[in-house]
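Q: quick one: sequence plus predicted model below, questions after.
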Amino acid sequence: MSEIRKPASRLFTRREALAMTAGLGAAAALGITPVRAATPPGKPVLTRAIPRTGERLAVIGLGTAIVFDIGSDAAPRAERRAVIDTLLQGGARLIDTAPSYGAAETVVGDLLADMKVRDRIFMATKVRAASRDRSITEMQQSQRRLRSEKFDLMQIHNVGFVDRGETAAQLALLREWKERGVFRYIGVTHSQNQERANDRLIEIMRTEKLDFIQVNYSMAERSVEERLLPVAAETGTAVLVNLPFARARLFRAVRGKPVPAWASEFEATTWGQFFLKYLLASEAVNAVIPGTDKPEYMLDNLNAGRGRLPDAAMRRRMVEYIDSLG
């Protein structure tokens with residue numbers, strides 16, 4: 001799952017906005033593309049261990065829904081190629097996609113082949129809930145589109161809407177493929193009505209011993225904090241976070257507002273970093289996967305994984321501030 005920073009009403013000129021915000025994230029909130037990305041800082045992007053194996057993964061990844069559903073035109077493909085290059089140059093490697101994201105799998109597969117970087121990518125994709133034969137067909141299609149026989153992570157898509165028996169059968173199929181070495185990890189996702197899905201995901205984590213779950217989580221949708229994230233930590237389940245900007249709702253809420261001066265205490269200089277650092281402050285979160293079609297926004301996302309993170313008291317202050325905006 002991915003998410004773009006959608007254009008908003010233009011309140012300032014580009015020069016005024018960039019001078020006011022001292023960074024890229026608020027410019028994104030205004031629908032303004034910065035002239036160029038800042039030079040990456042020296043601090044490395046934080047990594048966290050995948051609980052089942054101890055393998056370390058950078059806490060920032062890339063989602064591909066919508067933004068990678070493009071045609072064959074050279075210009076947009078070159079821009080997405082630059083996004084992937086920025087991801088890799090920044091020390092990250094997770095790309096998350098799905099068959100339901102239109103042409104995204106094909107575009108990702110083509111770009112990785114052209115760039116000759118498939119071996120540097122932690123590739124995650126999904127399979128929709130279906131019969132065994134249909135699931136096999138869809139996974140084989142993903143192999144062709146992504147030009148890869150093997151994936152790092154295969155996830156059952158939107159499992160909150162799937163019958164329990166069907167979920168168990170599909171997980172059994174994924175385990176067969178994992179044992180054959182086609183996948184290294186398996187998991188489930190949910191990206192809609194997260195509050196309703198929490199109980200189901202908790203049940204699956206406790207009964208199925210998954211490697212990963214993927215959920216939507218943002219400062220605007222915090223229902224996973226009370227029970228789901230603690231259970232993920234308890235069961236040794238890695239957590240990927242989609243929709244970290246709440247479909248641009250958070251950027252709309254702060255439109256025209258500078259990042260608070262006190263955000264410097266956890267080294268957030270843009271709204272994008274502010275929102276992402278809040279999520280990353282939870283040790284149960286392995287990685288966030290916002291989507292973008294701009295390399296400068298990819299860099300801004302990566303910068304959220306660098307430097308200090310807010311402590312519990314600061315996170316409460318962040319929530320109070322965002323909630324006060326209505």
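A: The structure has been received and is ready for your questions. Model, not experiment: these values are computed from the prediction.

Q: for the most centrally placed residue in the chain, list the residues it contacts.
A: Geometric centre of the chain, nearest residue: Ile289, 1.1 Å, by Cα atoms, centre = their mean. Residues counted as contacts of Ile289 (Cβ atoms under 8 Å, 6 or more residues apart in numbering) are Met1, Ser2, Gly61, Leu62, Gly63, Leu94, Asp96, Gln214, Leu240, Val241, Asn242, Pro244. To be clear about C-beta, it is placed using only N, CA and C from the backbone, and glycine gets the same treatment.

Q: so where's the stretch 1-150 of the chain shaky on pLDDT?
A: 1-41 (pLDDT under 70).

Q: what do you get for the stretch 151-300 of the chain?
A: In the stretch 151-300 of the chain, residues with pLDDT under 70: 161, 192-194.

Q: just the helices in this protein please.
A: 14-21, 25-29, 74-89, 104-115, 132-145, 164-179, 194-208, 228-235, 249-253, 271-280, 295-304, 312-324 (DSSP state H).

Q: of all the ones you listed, which one is nearest Asp152?
A: Nearest of the helices of the chain to Asp152, taken as Cβ to Cβ: helix 164-179 at 10.9 Å.

Q: that closest one vs helix 194-208, what angle?
A: Interaxial angle, helix 164-179 versus helix 194-208 (axes from the mean of the first three to the mean of the last three Cα atoms, to 10 degrees): 60 degrees.

Q: would you mark the buried spots in helix 164-179?
A: Thr167, Gln170, Leu171, Leu173, Leu174, Trp177, Lys178 (16 or more other Cβ atoms under 10 Å).

Q: is Phe212 in a bridge, and if so with what?
A: Beta-bridge pairing of Phe212 under DSSP bridges involves Gly187, Ala238.

Q: Pro244: neighbour count?
A: 29 (other Cβ atoms under 10 Å).

Q: correct me, but it touches Val215?
A: No. Counting by Cβ atoms under 8 Å, Pro244 does not reach Val215; the two are 10.6 Å apart.

Q: give the contact list for Gly71.
A: Ala103.
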